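K.L.:
test case, fold it:
(2 chains)
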2 protein chains.
Amino acid sequence: MTHATTVWQANRSGGLTGAEALVETSLAAGVDVCFANPGTTEMPLVAALDSVPGTRAVLGLFEGVCTGAADGYARIAGRPAMTLLHLGPGFANGIANLHNARRAHSPVFNVIGDHASWHLVHDAPLTSDIVSLASPVSGWVGTAASGAGLAQLTARAVAAATAAPGCGATLIAPADFQQEVLKAPVDVELPRPRSRPEVAVDVIDAIAKRLRAGERAVLLLGGAALDERGQRAAARIASATGAVLYSETFPAAAERGGGLPDLDRLPYFPEKAIEALAGAQLVVLAGALEPVSYFGYEGVPSLLAPYGTVEVLSTPEEDGALALEALADALGAPEPAPQRPRPDDEGLPDGALTPQSVGRIVARLLPEHAIVSVEGGTCGYPFFTASSRAARHTTLTNTGGAIGQGLPAAAGAAIAAPGRKVVALQSDGSAQYTIQSLWTMAREQLPVVTLIASNRAYNVLRTELGRHGQSRPGPNAMALTSLDEPAFDWPALARGYGVPGTRVETGEALRRELGRALAADGPQLIEMAL
Amino acid sequence: MTHATTVWQANRSGGLTGAEALVETSLAAGVDVCFANPGTTEMPLVAALDSVPGTRAVLGLFEGVCTGAADGYARIAGRPAMTLLHLGPGFANGIANLHNARRAHSPVFNVIGDHASWHLVHDAPLTSDIVSLASPVSGWVGTAASGAGLAQLTARAVAAATAAPGCGATLIAPADFQQEVLKAPVDVELPRPRSRPEVAVDVIDAIAKRLRAGERAVLLLGGAALDERGQRAAARIASATGAVLYSETFPAAAERGGGLPDLDRLPYFPEKAIEALAGAQLVVLAGALEPVSYFGYEGVPSLLAPYGTVEVLSTPEEDGALALEALADALGAPEPAPQRPRPDDEGLPDGALTPQSVGRIVARLLPEHAIVSVEGGTCGYPFFTASSRAARHTTLTNTGGAIGQGLPAAAGAAIAAPGRKVVALQSDGSAQYTIQSLWTMAREQLPVVTLIASNRAYNVLRTELGRHGQSRPGPNAMALTSLDEPAFDWPALARGYGVPGTRVETGEALRRELGRALAADGPQLIEMAL
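P.N.:
A predicted model of the protein is given here:
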């Protein structure tokens, strides 16, 4: 799984510091982007990002910007970025988006500077239990005990992060070990890319047998199985067996449009999802987890598939696309003629914007190979539905439900894929959690068009209040679900961060402004009044 | 410590839910403000905030606003507010400011909605290890196991939060128990205010003996000992013995000005603090902890007082003001004539703003009984120095070093003290972490004047880079410590959130605009170009 190397460079005048050894190892392991919001205990690492050249350092004004960007970067680049965060409280600000990264199986390499090891005992103001904070969002946590350990644990952390299906790995780097000058070469075991495990033949045969027997089936694709190969293989299976195809509800990255089969997302609300799966005798999971209700509602089952119908074709770790291809082959499903795109060439809706008209307009104007970062229900679902007829693109969704993911993920995706346009399709409430992302887009001049679905309410919570029998919310419930009084001035917020912004109220205006924004070089923001 | 009560109300049609029992108990325990950013799993509690009247619910657009506001509220009101946050990731966004609250010994009552207990096993997307996240910032953590348990644990949590010296107490409230209709009355043990323990006479006598013997002494006041009584008693001791007085470096709330003795803060950087304490044969702690270096620097001691000189007069739990009075009495220190304010009546500096001119202008214009929330070094220290000659006011500082504390604490303080003007004296970099606070100020029309010290850099990090021998930072270090390219447009950001904002560059303009802003009713923002 790994191969040995040495990070020591004898010709470095004055020797290599622990921080420099960390950065060298990180580069050697293929990590060359660092989303950072450092503090005093990370200063040797900040200096090392210059003395060891090769890393692009990107500043976030708030740590959730850094971790969300690292998640978006990993989903597009397929490899980890580093985050560099300050002690426990700085890391804590990044936890929410690391939660989403965990659910996306995104590889992320977190580096947290800590107090000098000999200073910890004095419980200075910024001291806290970093391991307790990091563990819930980290598949791997390690604390270095020497300068050399920083290099060795960097390699371990990147190996843990990149092992399928991918996870966050968090390295705690005490300041004294960052500063320590190494006295001898350090041997580190660098992670080597390792293919995903293949699904055993008997697993594929067993599912093929049931499909051949004519069982009514649903194929639920998720994770890496949602790539182009996986989707095309799934379409072969569907046309050979009549199986119904779905994407998991919140895919980390779904290829979409340009003639790919139309895999809609399994509905969000459990009643709808149960309905979608109700007729199935067999629910085949390819890279997806067994579908469960997002929240538990009294009287509604948590497990959404009919009892006893679920079979795992491939786990998130395994090579799901290969398994789907093998399954299609086992079924003798013919290679279909390449599907031609069916662009939506009907007239686009004018007049006051609705979530549906927004979805269709954005899908229609999307340039080839765009990336769409979707957060918030208002326009997210209508766009996904419309987007099967768009040009080929990649959609990122909020995998873990921690709000504030869409804007930083868009920024990270843009950094991962120079030359691809990025659209952040974002609800107004959720945009506020990591609003500082706009500044990073401006500083890095990222080609991100942020579309704010501005309905001035936490609409999903109004719906949930209704589900709890609160069809007429009282004053506190209204105050806690309304974003009016005052309404945000989105163009002003954008301008405050150096992003040109405008506001539209009609379909005509959205088409005009979105076309203009997509043709511009740097970031743009459009508030869509709904 | 507690007295029994019953929250059951037989006349409530349909019975009391667990959520309603929680809110009733909370109100009975004196908690009537809730800083909230709720989600689906908190909807029964949101409904209960209306069905059980009496709580003021204040929405924060981001959880760090809620927890920082609860901290500021507690420091001024002396009692806890509730925070209502959504599952692990929502709580995680509030951890940084709960870290500051922990270091301030602020009582805070956190309520986190969790998945229905029977839904947890399915590991739905938003599931995480909440206890692991909450423990580092909570003196008490509890998870309810029934609707009645929500009431009982609310009382326990508030009791834990309010027991001296105060802490955060976190209650995890599964959604099903929030909805559960109670079938029988619930007896809860409500917390009863309990006086701080008194310092034993022999402790006071031992210190008095050393002072009478003429030892060169420093008195370091912190926590509750920094109230008016404590400061006046300390001044008696100082004038009787020649002891030097200091406030801890980051007081939670320091009374200041209006003729109070001038207790400057112990310097931040360890070399300066060591120098300040160097001559002491006795360092007496009254409510303060032993001074330690904020960060560990190679070759600089972590402990700042000379070896063997530290004596604890009162711990943060104990009644420090009473102990100081007893010590003054034991020394036979006379009651001094009431000190008259010595207002700074020299001409105020005009021309380009400097941190010193900002400090003097703000101190001079401060209205009686203002609250000043200080975050960031640029203007914070110069203001504190100047503020001894200001009208009587209360200064809040960032106790834990987690950035993003100043604006939400200002909002919470304003809610705790209607009628008092609040000034948030805030550095530009740190203001960005919880910038959404401006919106809460606008919505609640809080009389907060936010002053942004705008130097477009993380200046403290530049200083720290210099300490690490990086006098000429490389390009990555520059990128990670600069806030230029683009500069923030602060008036635009303020307008985006509904707060009138302006920008000043000179002393004349600051005096004019600050005077106008302090006379206005709602929130105002002034960017001070430095």
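K.L.:
just the buried residues of stretch A:32-51, please?
P.N.:
A:33-51 (16 or more other C-beta atoms under 10 Å in any protein chain shown). No exception for glycine: its C-beta is placed from N, CA and C like everyone else's.
K.L.:
ok, and which of those residues reach chain B?
P.N.:
Contacts with chain B within the buried residues of stretch A:32-51, counted by C-beta under 8 Å from any C-beta of the partner chain: A:A36, A:P38, A:G39, A:T40, A:T41, A:M43, A:P44, A:V46, A:A47, A:L49, A:D50, A:S51.
K.L.:
cross these against helices and list the overlap.
P.N.:
Among these, DSSP state H puts A:M43, A:P44, A:V46, A:A47, A:L49, A:D50, A:S51 in helices.
K.L.:
the second one and A:F177: what is the separation?
P.N.:
Between A:P44 and A:F177 the distance is 9 Å, computed by C-beta to C-beta, to the nearest Å.
K.L.:
mind listing the shared neighbours of the two?
P.N.:
A:G18 (C-beta atoms under 8 Å, 6 or more residues apart in numbering or on different chains).
K.L.:
now check the host helix or strand of A:V423, is it near chain B?
P.N.:
Taking DSSP states H and E as the criterion, A:V423 maps to strand A:422-427. No - using C-beta under 8 Å from any C-beta, strand A:422-427 never reaches chain B; the gap is at least 12.4 Å.
K.L.:
and the helix or strand that that strand is followed by, what other elements does it pack with?
P.N.:
Note on strand A:422-427: by DSSP H and E, the next helix or strand toward the C-terminus is helix A:428-431. The contact analysis (3 or more C-beta pairs under 8 Å, 6 or more residues apart in numbering or on different chains; DSSP states H and E) places helix A:428-431 against helix A:406-416, strand A:448-454.
K.L.:
now these as CSV including mean pLDDT and mean neighbour count?
P.N.:
Listed next are the helices and strands packed on helix A:428-431 as CSV, based on pLDDT from 0 to 100; neighbours: other C-beta atoms under 10 Å in any protein chain shown:
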stretch, mean pLDDT, mean neighbour count
helix A:406-416, 98, 31
strand A:448-454, 98, 27
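K.L.:
quick one: closest of the ones you listed to chain B.
P.N.:
Closest to chain B of the helices and strands packed on helix A:428-431 is strand A:448-454 (C-beta to the nearest C-beta; 11.6 Å).
K.L.:
now check that closest one, is it near chain B?
P.N.:
No - judged by C-beta under 8 Å from any C-beta, strand A:448-454 stays clear of chain B, getting no closer than 11.6 Å.
K.L.:
now that strand, how far from the centre of its chain.
P.N.:
Distance, stretch centre to chain centre, for strand A:448-454: 17 Å (C-alpha atoms, centre = their mean, to the nearest Å).
K.L.:
pull the CA atoms of that strand into PDB?
P.N.:
C-alpha atoms of strand A:448-454 as PDB (Å, rounded to 0.1, in the frame of the first residue of the first chain):
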ATOM      1  CA  VAL A 448     -18.200  30.900  -9.700                       C
ATOM      2  CA  VAL A 449     -21.600  32.300 -10.300                       C
ATOM      3  CA  THR A 450     -23.600  32.300  -7.100                       C
ATOM      4  CA  LEU A 451     -27.300  32.200  -7.500                       C
ATOM      5  CA  ILE A 452     -29.200  33.000  -4.400                       C
ATOM      6  CA  ALA A 453     -32.800  31.600  -4.100                       C
ATOM      7  CA  SER A 454     -34.100  34.500  -2.100                       C
END
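K.L.:
my guess is A:V374 contacts A:G380. True?
P.N.:
Yes - taking C-beta atoms under 8 Å as the definition, A:V374 is a contact partner of A:G380 at 4.4 Å.
K.L.:
list the residues that contact both of those two?
P.N.:
Joint contacts of A:V374 and A:G380 (C-beta under 8 Å, 6+ apart) are A:T397, A:L425.
K.L.:
returning to what we had before: farthest-apart pair in the ones next to chain B among the buried residues of stretch A:32-51, please.
P.N.:
A:G39 and A:S51 (19.3 Å; C-beta to C-beta).
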